[in-house]
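**Student:** below: sequence and its predicted model.
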Amino acid sequence: MRILSGIQPSGIIHIGNYFGMIKKMIESQDDGELFAFIASYHALTSVKDSEFLKRNTFEAAVNFLALGMDPQKSTFWVQSDVPEVLELYWILSNHTPMGLLERAHSYKDKTARGLPTNHGLFSYPVLMAADILLFDSNIVPVGKDQIQHVEMTRDIAQSFNNHYGEILVIPEAKVDNEVATVPGTDGAKMSKSYGNTIDMFGAPKVIKKQVMGIVTDSTDLNEPKEWENCNIYAISKLFMSNDELLDLQKRYATPGEGYGHFKLTLLDKINSYFEPYGQKREELLNNPEMVKDILSDGAKKARVIASEKMRVIKDAVGLSY
Ligand code: ADP
Ligand code: TRP
């Protein structure tokens with residue numbers, strides 16, 4: 001079974017990204033053959049600063065490797081290092097009705113918010129279809145916002161197959177309903193656009209500031225406190241065992257400690273949880289050539305599959321003679 005996952009290169013990742021997506025993706029390396037890439041071409045639809053894109057692509061690679069992406073087990077590359085995907089994108093464009101793209105939620109949302117639109121943004125789902133179909137992917141783990149894109153991929157593939165024969169593998173989206181939304185420091189969904197994140201690899205001072213900034217009620221130090229609706233407790237759940245949580249509940253119920261104390265306990269937990277990954281990340285950041293070699297090997301592996309698939313597809317559509 002082939003699992004494929006694309007990740008937009010965002011340099012700073014927060015614990016919502018980790019528990020919501022990255023952790024599952026790393027674990028899926030044991031469920032099948034994982035193909036994972038950094039979606040650098042897709043990022044061009046929103047990032048127009050070249051230095052920013054370069055840095056974020058590199059840092060995204062470093063982050064994923066530090067968090068357990070294993071290039072021995074999986075194929076891990078940068079999308080733009082496998083340009084075959086753009087050839088397939090063009091071929092699939094000719095099997096993508098305008099109406100299908102016009103119905104895309106992500107495009108409609110962006111136009112509704114008055115953001116400038118362009119063809120890249122409009123045809124984003126066709127490039128995503130090419131990513132998926134180029135590698136005969138069976139399963140595509142995605143968040144809810146991406147389900148429609150995988151459905152469009154299926155439609156495009158079916159239309160292609162109806163015309164040229166059973167050439168493309170029809171993929172399935174896998175949505176993990178168990179993955180709860182990680183709350184931010186203000187209790188709303190943690191998101192970099194809301195400024196309520198706890199960053200994973202931030203400087204210790206930054207992380208401390210974020211944790212100490214978790215919003216709570218103003219119950220006095222000498223009053224018992226409620227853990228049920230407390231943001232500190234909700235985030236602590238990600239890092240603590242059941243016994244530790246029971247202990248924390250007792251501390252909430254016992255007067256004498258304030259929210260500041262619970263925040264410091266959480267801060268310790270977060271620091272020790274990510275410390276080994278942080279060390280690995282530093283090693284990788286200090287060895288950029290090693291990271292580039294890993295990505296280049298990944299792209300080579302991916303290109304072997306991509307070029308063979310393109311040979312079959314080009315032949316099927318008549319681009320061989
Ligand atoms: P952000 O909302 O910070 O911009 P992205 O949209 O870049 O995050 O999300 C990248 C991945 O992380 C997606 O797969 C998304 O589902 C997941 N993710 C982001 N925020 C959360 C959250 N608060 N809880 C769970 N998963 C999240
Ligand atoms: N569009 C996806 C996102 O924003 C990223 C992505 C690009 C992707 N190509 C993909 C995800 C192929 C899965 C499969 O999260």
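**Tutor:** Yes, it's here. Ligands and ions are numbered 1, 2, ... in the order given.
**Student:** does whichever residue of the stretch 201-321 of the chain sits closest to ligand 2 belong to a helix, a strand or coil?
**Tutor:** For the stretch 201-321 of the chain and ligand 2, the shortest gap (CB to the nearest ligand atom) falls at A302, measuring 12.9 Å. C-betas here are computed from N, CA, C, even on glycine. Three-state call for A302 (DSSP: H, G, I helix; E, B strand; the rest coil): helix.
**Student:** all helices for the stretch 151-300 of the chain, in order.
**Tutor:** 204-212, 231-236, 242-253, 259-285, 288-317 (DSSP state H, counting those that start in this stretch).
**Student:** and the residue in the stretch 1-150 of the chain positioned nearest to ligand 2, helix, strand or coil?
**Tutor:** Residue of the stretch 1-150 of the chain nearest ligand 2, by CB to the nearest ligand atom: G6 (2.7 Å). Of the three states, G6 takes strand under three-state DSSP.
**Student:** and the pLDDT at it?
**Tutor:** As predicted, G6 sits at a pLDDT of 95.
**Student:** now swap in T117 and tell me
**Tutor:** 87.
**Student:** verify the stated contact: V215 with D186.
**Tutor:** Yes. With contact defined as CB atoms under 8 Å, V215 counts as touching D186 (4.8 Å).
**Student:** who touches both of the two?
**Tutor:** Listed as contacting both V215 and D186 by CB atoms under 8 Å, 6 or more residues apart in numbering are N231.
**Student:** picking up where we left off before, the residue of the stretch 201-321 of the chain closest to ligand 2 against E33, yeah?
**Tutor:** No. A302 is beyond contact range of E33, at 11.9 Å (criterion: CB under 8 Å).
**Student:** between those two, what contacts are shared?
**Tutor:** T75.
**Student:** rewinding a little: got TSV for the helices of the stretch 151-300 of the chain, with mean pLDDT too?
**Tutor:** Formatted as TSV, the helices of the stretch 151-300 of the chain follow (pLDDT from 0 to 100):
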stretch	mean pLDDT
helix 204-212	97
helix 231-236	97
helix 242-253	97
helix 259-285	97
helix 288-317	98
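**Student:** related to what we said a few turns ago, chain neighbours aside, what residue packs nearest to the residue of the stretch 1-150 of the chain closest to ligand 2?
**Tutor:** Spatially, and ignoring its direct neighbours in sequence, G6 is nearest to A39 (4.3 Å; CB to CB, 6 or more residues apart in numbering).
**Student:** mind showing which ranges of the chain have poor pLDDT?
**Tutor:** Where the chain drops to pLDDT under 70, the residues are 11.
**Student:** list the contacts of the residue of it found nearest ligand 1.
**Tutor:** With CB to the nearest ligand atom, the shortest gap between the chain and ligand 1 falls at G20, namely 1.8 Å. Applying CB under 8 Å, 6+ apart, we find G20 in contact with 143, 179, 181-182.
**Student:** 6 Å instead, please
**Tutor:** 179, 182 (CB atoms under 6 Å, 6 or more residues apart in numbering).
**Student:** pick the most buried one from the helices of the stretch 151-300 of the chain.
**Tutor:** Of all these, helix 231-236 carries the top mean neighbour count, a mean of 21, counting by mean count of other CB atoms under 10 Å.
**Student:** residues making contact with that one?
**Tutor:** Contacts to helix 231-236, defined as CB under 6 Å, 6+ apart, come from residues 183, 187, 214-215, 227, 262-263, 266.
**Student:** now do stretch 306-321
**Tutor:** Contacts for stretch 306-321 (CB under 6 Å, 6+ apart): 82, 84, 87, 91, 134, 164, 167.
**Student:** farthest pair within these?
**Tutor:** Greatest spatial distance in the contacts of stretch 306-321: V82 and Y164, 22.4 Å, computed using CB to CB.
**Student:** between these two, which has more neighbouring residues?
**Tutor:** For V82 and Y164, the more surrounded residue by other CB atoms under 10 Å is V82, and the numbers stand at 23 against 16.
**Student:** how close does the more buried one sit to H149?
**Tutor:** Going from V82 to H149 by CB to CB, to the nearest Å gives 19 Å.
**Student:** quick one, domains of this protein?
**Tutor:** 2-181+288-317, 201-281 (automatic domain parsing).
**Student:** endpoints of the last one, how far apart?
**Tutor:** To tie it back to what came earlier, the one meant is domain 201-281. 9 Å (CA to CA, to the nearest Å).
**Student:** now that domain: how far from the chain's centre is it?
**Tutor:** 25 Å (CA atoms, centre = their mean, to the nearest Å).
**Student:** distance check, L284 against L67.
**Tutor:** 11 Å.
**Student:** burial count for F201?
**Tutor:** So F201, with other CB under 10 Å, has 21 neighbours.
**Student:** what's the answer for E178, then?
**Tutor:** Based on other CB under 10 Å, the number of other residues close to E178 is 6.
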